[in-house]
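Engineer: model the following, please.
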Amino acid sequence: MPSSSETCRRASHCSPNPRPPHHTPRALPKRRPRMTDTVAPALSEAPSRAELHIAVGITASALQTQYLGHRGERQQTAARARLAELRRNAGFTPEQRPLALQEVLDALHPGLREEDLGKGDAPSRSERAAFDAMTLFALHMQSADRPVHVRGLSFGAAVGLLYIGTKSESLKPRFDALLAARHERSRLTHARSLITLLRGARIGFDYGSFARDLRTLAGEHRAGVLLRWGRDFAMTPRRQTEESTSETSVAAVDS
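Structural biologist: Modelled structure (predicted):
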C-alpha cells in the first residue's frame, strides 16, 4: 500500500492543470542610449524625409529647443555636443571637410529626400546647402540664450535689422560683397562674418529658407535671391521705423 506522501506525489503528477514552477524573471540589461534618443519628441511625428528647407528648419528648431534646456538636461547635453561638432566645420566646404558631411546628414531629422542626395563623389547642391546652413546655424547658436532660428525672417531682413541697430558703415559693404560673391568659398567667408555679428546682436533668421536660398545661389537663378535679400535689407529697417512711429503716435493720442 503506497504511503500518503507517495499518493500526494502521484496526485500532483496526474493533475490535469499542474502548477508551473515559479521562475524569477531576469533583469533586462540596460540599453545604451542611441543618437535618436536625443531627438525631441515632436520629431517623432515628422516625416522621415523632407525637402531641404523643411529638413533644415525642423532640425534647427529641435536643436535650439534642446540646447536652451526645454527638453531636459539629457537632451540639452546631447544638443550641445552635436552643435559643437557642427560648429567646427563652419566656413569650410564639404570638399575641405568630407567627413563632416556625414555629421550634417546624420543630424538632419527629417533627412533629405532621395532625389536631393548626391550620387557620386561630389556633394549635391542640396547636400552642400544643408552643410553650409547647419554649420553656420551651429556657429550662430554658440552661447545663445534665445532662439536663432526665427521662422519667416529672411537673412537679408536680419542683416537689415542689424544695420539699423548698429549704424556700422562697414556692414553694408560686407553685405554687398556677399551678394556679389560668385564662388562658394567667398560667399561662406562673408556669411560667417555677418552671422558672427548677428550672434553678437542676438538677431536670428529663418535657417530653412536660408538653406534653400544658398542652394539657389549656387545655380542659374541666383538673381532672384539677390533681389529679395537686397529688398529685405532695405525695407525691413524702414518698416520697423514706420511701425515704431505709428505706435508712438497711437500712444500719444491715447494719453
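
Engineer: ok, which stretches of this protein are strands?
Structural biologist: 49-50, 111-112 (DSSP state E).

Engineer: of these, which approaches residue 73 most closely?
Structural biologist: Comparison of the strands of the chain against residue 73 by CB to CB identifies strand 111-112 as nearest, at 26.8 Å. C-beta coordinates here come from the backbone N, C-alpha and C atoms, glycine included.

Engineer: name the strands paired with the closest one and say parallel or antiparallel.
Structural biologist: The strands beside strand 111-112 in its sheet (DSSP bridges) come out as strand 49-50 (parallel).

Engineer: tell me the mean pLDDT for the strand it pairs with?
Structural biologist: Strand 49-50 carries an average pLDDT of 94.

Engineer: from the chain's centroid, how far away is it?
Structural biologist: Offset of strand 49-50 from its chain centre (CA atoms, centre = their mean, to the nearest Å): 14 Å.

Engineer: now swap in stretch 134-141 and tell me
Structural biologist: 8 Å.

Engineer: touching it from outside, list them.
Structural biologist: Applying CB atoms under 8 Å, 6 or more residues apart in numbering, the set of residues contacting stretch 134-141 from outside is 56, 59-60, 63-64, 67, 83-87, 89-92, 100, 104, 107-108, 148-149, 188, 191-192, 195-196, 198-199, 204, 207, 210-211.

Engineer: again, but for stretch 49-58
Structural biologist: 43, 46, 108-114, 116, 126, 129-130, 133-134, 137, 149, 151, 206-212, 215.

Engineer: now the strands of the chain as a markdown table including mean neighbour count?
Structural biologist: Shown next, in a markdown table, are those (neighbours: other CB atoms under 10 Å):
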| stretch | mean neighbour count |
| --- | --- |
| strand 49-50 | 18 |
| strand 111-112 | 20 |
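
Engineer: format those as a markdown table; extra columns: distance to residue 184.
Structural biologist: Shown next, in a markdown table, are those (distance: least, CB to CB, whole Å):
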| stretch | distance to residue 184 |
| --- | --- |
| strand 49-50 | 24 |
| strand 111-112 | 18 |
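
Engineer: quick one: closest of those to residue 78.
Structural biologist: strand 111-112 (18.0 Å).

Engineer: can you pull out the helices in this structure?
Structural biologist: With DSSP state H as the criterion, the chain has helices at 4-14, 52-67, 73-87, 98-107, 125-141, 155-166, 171-180, 184-201, 207-217, 222-254.
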